[in-house]
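> show me the folded form of this:
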Amino acid sequence: MTYETLALAAFDAVTPLGNHTIVRRAVEAGDVRIDITHSGICHSDIHSVNGDWGAQPYPVVPGHEIIGRVVELGADVTGFAIGDRVGVGVIVGSCGTCNECERGLEQYCANEPVWTFGAPDPHLPGQTTHGGYSREIVTEAKFVYRVPENLDPAGAAPLLCAGITVYSPLKTWGAGPGKKVGVAGIGGLGHLAVKFAHALGAQTVGFTTTESKTDMILGLGADEVLISSDKAAMRDAEGTFDLIIDTIPFSHDLNRYLKMLAVDGTLVVLGALTPITEPVIGGLLTGKRRRIAGSNIGGVPETQEMLDFAGAHNIIADIELIRADAVNDAYRRVVAGDVQFRFVIDAQTIGLPVPELISGAEAVARANGGALIVDVRPERFLDSDGRNPLATWVDRKNMDSYFVPGGAHFLGDVVNDSDRKIVVMCGSIAGSRPMADWLLAHGFTNVSHVDGGFAGWKEAGGSIG
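Below is the predicted model of the structure:
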């Protein structure tokens, strides 16, 4: 048994991602069906769809940083309830019987984990798994994680890959009070490494080549910033670090960081997955019993531990939330390094039309023709008698109250009239676009938003008279 859902897919290594209908399995006894709300963009998604890491089973639906709500449970599932906020990460299955799986290290499964996308699907023979750039996913309950409700869901999405990727080595090599931890490469992984290391109680130091980033790194929670091009400062810090998390995503000189390590110190390489071509000086290892190590995400128990820890310390990624139709531009910007620090897709916009952007003059014309104006400040539209004959107003944080049946202020008679246009005003494009997106995501049509917002409306002569 299967059903269809909407997704964003890569159809080959060069064509932009586009809308696609995929098949998900019907919920089996041990499964959870999730309505996806947010899906993070990881650089590994881009490498995968570009074929950088080998041939792909196109069409591929990327995404392994998934946040959503439980909408259906299999008969044997316990520990979750309908409506729970949950997450899915990099793997959605493993053999469960090898030594690694029995130790809760499913990411190192001796028989190969089932990756969230692009892997043979054991539940649908002959098909491959599809990831989180989708409206829904069905996953074995074991690989579904509870996400603390206090965390912003968009900012929490990258925790399912980037967060656990840095948390696992920090825990494995004992980051905590009395330890000095360095982070090299303050990007999508590195900025979370700084946040987690600080929250774990370690003295946290960020390495950067750019002095202008000092305030930003300190703002993430670092106790200190080292400019790696400052030879004197680097020399003074040699032999003082217990652990360095290296997230630099390309081949680079490891020796400069090995020199920083104290006796028994560890350099953990997370970012450079292709060959590191710069020679390592063996004496830097033997002289102080230093180690170079690697790490790969985390197993089921540790991933849940990380999310619980993040909830307790309010740790989320710094993100830019985008509509699904902006994914290809986001890919270009990730490759160019033009994001601070992660993109997250509003998965509810997958397959939806883009809200029409209209001029203030067109908004006036539509209002005169009977359109409903949606705004957040009712006093803007009051007439001389204190009435508001033209507009309704809503709180963007409580849209359900106005536009979902049963809401306290449901505008049923208005919004059920499919011929009546809805013009979202707010104060600016930045305010009106998300509200217009919400309306489209909840099935409303004839939705537009105003270039310049309320100011554009007024400049075009808008009034209620």
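
> could I have the CA atoms of stretch 286-299 written out in CSV?
Only the C-alpha atoms of stretch 286-299 are listed here, as CSV (Å, rounded to 0.1, in the frame of the first residue of the first chain):
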residue,chain,number,x,y,z
THR,A,286,54.2,11.4,18.6
GLY,A,287,55.7,14.3,20.6
LYS,A,288,52.6,14.9,22.7
ARG,A,289,50.5,11.7,22.1
ARG,A,290,48.1,13.7,20.0
ARG,A,291,45.4,12.2,17.9
ILE,A,292,43.6,13.0,14.6
ALA,A,293,40.1,11.5,14.6
GLY,A,294,36.9,11.6,12.7
SER,A,295,33.2,11.3,13.5
ASN,A,296,29.9,10.9,11.7
ILE,A,297,26.6,12.1,13.0
GLY,A,298,25.3,10.1,16.0
GLY,A,299,23.2,7.1,16.8
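
> average model confidence for it?
Averaged over stretch 286-299, pLDDT sits at 97.

> contacts only, for His123.
Going by C-beta atoms under 8 Å, 6 or more residues apart in numbering, His123 touches 25, 28. Placement of C-beta: from N, CA and C, glycine included.

> pull the number of nearby residues for the nearest residue to Ser168 once chain neighbours are set aside.
What sits nearest to Ser168 in space, not counting adjacent residues and going by C-beta to C-beta, 6 or more residues apart in numbering, is Gly298, at 4.0 Å. When counting by other C-beta atoms under 10 Å, one arrives at 27 neighbours for Gly298.

> for Ser39, same thing?
Counted with other C-beta under 10 Å, Ser39 comes out at 35.

> got the phi/psi numbers for it?
Per-residue torsions, Ser39: phi -140, psi 120 (degrees, to the nearest 10).

> does the residue nearest to Ser168 really touch Gln304, like I thought?
No: Gly298 is beyond contact range of Gln304, at 9.2 Å (criterion: C-beta atoms under 8 Å).

> and the residue nearest to Ser168, how close does it get to Asp318?
Using C-beta to C-beta, to the nearest Å, Gly298 is found at 21 Å from Asp318.

> what stretches of the stretch 301-450 of the chain score poorly on pLDDT?
Residues of the stretch 301-450 of the chain meeting the criterion pLDDT under 70: 389, 413-418.

> mind checking how far Ile91 is from Leu6?
Distance, Ile91 to Leu6, using C-beta to C-beta: 24 Å.

> please read the previous query as pertaining to Val60.
Counting by C-beta to C-beta, the separation of Val60 from Leu6 is 15 Å.

> so between those two, which is more surrounded?
More neighbours surround Val60 than the other of Val60 and Leu6, with 26 against 17 (other C-beta under 10 Å).

> would you mind naming the residues that bridge with that one?
With DSSP bridges applied, Val60 shows beta-bridge pairing to Ala10.

> residues in contact with Tyr257?
By C-beta under 8 Å, 6+ apart, the contact set of Tyr257 is 182, 184, 207, 244, 246, 267.

> and of these, the nearest to Ala237?
Lowest distance from Ala237 to the contacts of Tyr257 (C-beta to C-beta) belongs to Gly182, with 8.5 Å.
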